[in-house]
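Trainee: Sequence plus the predicted model coming up.
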Amino acid sequence: MLRPLVFAATLGGLACVPCLGPASFTVAARTADAHMLEARADTARTAHFEIAAPFCSGCVDTLVETAEAVAGVREAAVDLEGPTLDVTFDDAQTSPAAVRAHVERETRFRLRLTRVSPHVAP
């Protein structure tokens, strides 16, 4: 069941309550080494998660930053039509379960893994 969004005033304007969760303040910045890490093509996978809550545009940034803070994650993106969170990761370094656990621990969002597919470079 989807709950209505609750908005709160912040210094930057309005934000929905999930944006004000711990992740918006504690998302760890990835180190330069982790940021520069390129996963080998043979271990790159993309996990597709259904997002089980409504959100605002600030939530998109929170979800992406939180997912990308996991070591081994190369890229994360939110598709607003799903809504889904798509995470490309090196499966030699992390797993969909680890990404999901981190996002759910650091934010108020709940994710459901729908599928994992081999990553296809653009």
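Mentor: That came through, no problem.
Trainee: Helices of the chain, start to end?
Mentor: 23-26, 32-36, 57-68, 96-106 (DSSP state H).
Trainee: and the angle from the longest one to helix 96-106?
Mentor: Spelled out, that is helix 57-68. Calculated by axes from the mean of the first three to the mean of the last three CA atoms, to 10 degrees, helix 57-68 forms an angle of 130 degrees with helix 96-106.
Trainee: Which strands and helices lie in contact with helix 57-68?
Mentor: Counting contacts by 3 or more CB pairs under 8 Å, 6 or more residues apart in numbering; DSSP states H and E, helix 57-68 is packed against strand 13-16, helix 23-26, strand 73-79, strand 84-90, helix 96-106. To be clear about C-beta, it is placed using only N, CA and C from the backbone, and glycine gets the same treatment.
Trainee: Let me see the mean pLDDT of that helix.
Mentor: For helix 57-68, mean pLDDT rounds to 92.
Trainee: same thing with the first one?
Mentor: Confidence over helix 23-26, taken as the mean pLDDT, stands at 34.
Trainee: swap in the last one?
Mentor: For helix 96-106, the mean pLDDT works out to 97.
Trainee: Which positions within it qualify as buried?
Mentor: Within helix 96-106, the residues scored as buried using 16 or more other CB atoms under 10 Å are 96, 99-100, 102-103, 106.
Trainee: show me what contacts E75?
Mentor: 68, 87-88 (CB atoms under 8 Å, 6 or more residues apart in numbering).
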